[in-house]
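Asks: here is my input; please provide its structure:
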Amino acid sequence: MDLKRIRARIGSVRAVATLSLALVLTASLGTFLVQARGPADPTFSSAAAVSLAESGLPPQGRQVMALIRQGGPFRYEKDGTVFGNRERLLPDQRRGFYREYTVPTPSLGHRGARRIVCGGLQPRTPEACYYTEDHYSSFRLILQ
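Replies: Here you go, the predicted structure:
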């Protein structure tokens, strides 16, 4: 093998190695960025960004809030049951602190994704309530 062919082969090996390294670094960076995106601040310190007034709830949400204060009756069997906060997006509390309620979505024949989750010792007078319209992927503090 002559020197030109050896240099050409080394050059192509370097190009492949450089391209492989670039692909690995790009994939690693993409994975890091996805994993680095954590949940919204669970303490809700930036209340304006993650809150909404009760009057800003959809009409069905306002109706559910009224039912919560009355103690029911609720439309779905699961309403009023313990919400486990497995997503860890709400402030950390002991098990049993949070309860979930379905906010009906017009034109759906099932529970849908909208919920209100309230926390406190007295279900009729919750300390805080949160609204999610994406089945627990994000929450907004309901300002009462």
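
Asks: helix or strand: which one has residue 86?
Replies: For residue 86, there is no host helix or strand (DSSP states H and E).

Asks: tell me how many other residues crowd it.
Replies: 7 (other Cβ atoms under 10 Å). C-beta: built from backbone N, CA, C; applies to glycine.

Asks: pLDDT score assigned to it?
Replies: pLDDT recorded at residue 86 is 93.

Asks: likewise residue 127?
Replies: pLDDT, residue 127: 96.

Asks: neighbours of it, how many?
Replies: Using other Cβ under 10 Å: residue 127 sits among 11 other residues.

Asks: contacts only, for the closest residue to it other than its chain neighbours.
Replies: For residue 127, ignoring the flanking residues on the chain, the nearest one in space by Cβ to Cβ, 6 or more residues apart in numbering is residue 120 at 3.7 Å. The neighbours of residue 120, taking Cβ atoms under 8 Å, 6 or more residues apart in numbering as the test, are 97, 126-128.

Asks: can you add distance to residue 74 and secondary structure and give these back as JSON lines?
Replies: Formatted as JSON lines, those follow (distance: Cβ to Cβ, whole Å; DSSP: H, G, I helix; E, B strand; the rest coil):
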{"residue": "97", "distance to residue 74": "19", "secondary structure": "coil"}
{"residue": "126", "distance to residue 74": "14", "secondary structure": "coil"}
{"residue": "127", "distance to residue 74": "20", "secondary structure": "coil"}
{"residue": "128", "distance to residue 74": "19", "secondary structure": "strand"}
